[in-house]
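Student: build the 3D model from these lines:
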Amino acid sequence: MKHQSSTINSPTDSARLWRTGLAGIELFEAHLQQHQFGKHFHETYTIGLNEGGQGCCYHRGTNHILAPGSFNLMNPGDIHTGQVIADQGWAFRNLYIERSLLEQVLEQMEWPASGLPCFRQPILQPAPALCRLFDQTFQALSASASQLQQQSLLLELLSRLFRLNGEPSFAIRPIASESKATARVRAYLQANYRDHVSIDDLAKLTNLSPYYLIRCFRKQVGCAPHQYQRHWQLLQAKQALHTAEPLAAIATEHGFYDQSHLNRAFKQTFGVTPGQYRKGNSVQYG
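Tutor: From the prediction side, this is the model:
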């Protein structure tokens, strides 16, 4: 079984997003001149190496500069943006690592704490030896390297990153009434992501005023409820792209008006269109 990837070019931007032969990992590489990623999150750990030009991201109330040689490190669920801020553009590569795979790696690392670790800071300043290790890992995952080589390099990379910039486990926030309300709203939006949900529906669900509910949700999650629902729709549609279902059907079944609506939202968040993502993740047997 061979995984194919394709290069997506526009007059100003190029990007690729594809799954690897090692289950639980996606790779992304881009050279951007004008594309801006809106507020979004990943269910995976993100390990990104900034290689050229300059970008910035907004994360937890702060704008961070993404200079060549620096790493951007995001935990699952971290709301963030990304945009070019330099005339020479912005070039970077990302590893997206599912939590289930990280659990396996932690056992091999003999991680001292229980539970999943998290990155302490979103930016790790230039570290040449670590950059070389990232490049070796990325190349092995994107090529026909042996599974042993891929796993060994990934193990070493994650081990170094978490020892340099890791916390033993995700911080547990105090559960105040609004925190319970936010958790309830998130669960409701995930379960009803296809549906038209009103702010009155959420207010009745939590016994909070609409204004207070939106303030609490935005403060704790990092985006408004409607933005969270839209991104959850995108994540579910992204999974459906690994089936043979037509793009138009995926769009309407996952809460979008039509295929064009899905195309615009998907590209803004993931850097490629649904069709380009599907083409880049086609599988050939033989």
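
Student: for the stretch 101-250 of the chain, what spans make up the strands?
Tutor: 118-119, 123-124, 166-167 (DSSP state E, counting those that start in this stretch).

Student: regarding this structure, what is its longest helix?
Tutor: helix 147-165 (DSSP state H).

Student: what's the spacing between it and its chain's center?
Tutor: 19 Å (CA atoms, centre = their mean, to the nearest Å).

Student: cool, stretch 221-241 as well?
Tutor: With CA atoms, centre = their mean, you get 11 Å for stretch 221-241.

Student: in that stretch, what counts as buried?
Tutor: 221-223, 225, 227-238, 240-241 (16 or more other CB atoms under 10 Å). For the C-beta atoms, the positions are set from N, CA and C on the backbone; glycine is no exception.

Student: again with stretch 76-88
Tutor: Buried, per 16+ other CB under 10 Å, within stretch 76-88: Pro76, Asp78, Ile79, His80, Gly82, Gln83, Val84.

Student: show me the contacts for the residue nearest to Phe266 when sequence neighbours are not counted.
Tutor: Nearest residue to Phe266 in three dimensions, chain neighbours excluded: Pro274, at 4.9 Å (CB to CB, 6 or more residues apart in numbering). Residues near Pro274 by CB atoms under 8 Å, 6 or more residues apart in numbering: Ala237, Lys238, Leu241, Leu247, Ile250, Gln259, Leu262, Asn263, Phe266.

Student: flag every buried residue along stretch 21-37.
Tutor: Those would be 22, 24-33, 35, 37, for stretch 21-37 by 16+ other CB under 10 Å.

Student: CA atoms of that stretch as CSV?
Tutor: C-alpha atoms of stretch 21-37 as CSV (Å, rounded to 0.1, in the frame of the first residue of the first chain):
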residue,chain,number,x,y,z
GLY,A,21,2.4,5.3,6.3
LEU,A,22,2.9,5.5,10.1
ALA,A,23,-0.6,5.5,11.6
GLY,A,24,-1.4,8.6,13.7
ILE,A,25,0.7,11.2,11.8
GLU,A,26,-0.1,13.8,9.2
LEU,A,27,2.5,16.0,7.5
PHE,A,28,2.1,19.6,6.3
GLU,A,29,4.4,21.8,4.4
ALA,A,30,3.8,25.3,3.0
HIS,A,31,5.4,28.3,1.5
LEU,A,32,3.0,31.2,1.8
GLN,A,33,2.9,34.7,0.6
GLN,A,34,-0.5,35.9,1.6
HIS,A,35,-2.6,33.1,3.1
GLN,A,36,-4.0,33.6,6.6
PHE,A,37,-5.2,30.9,8.9
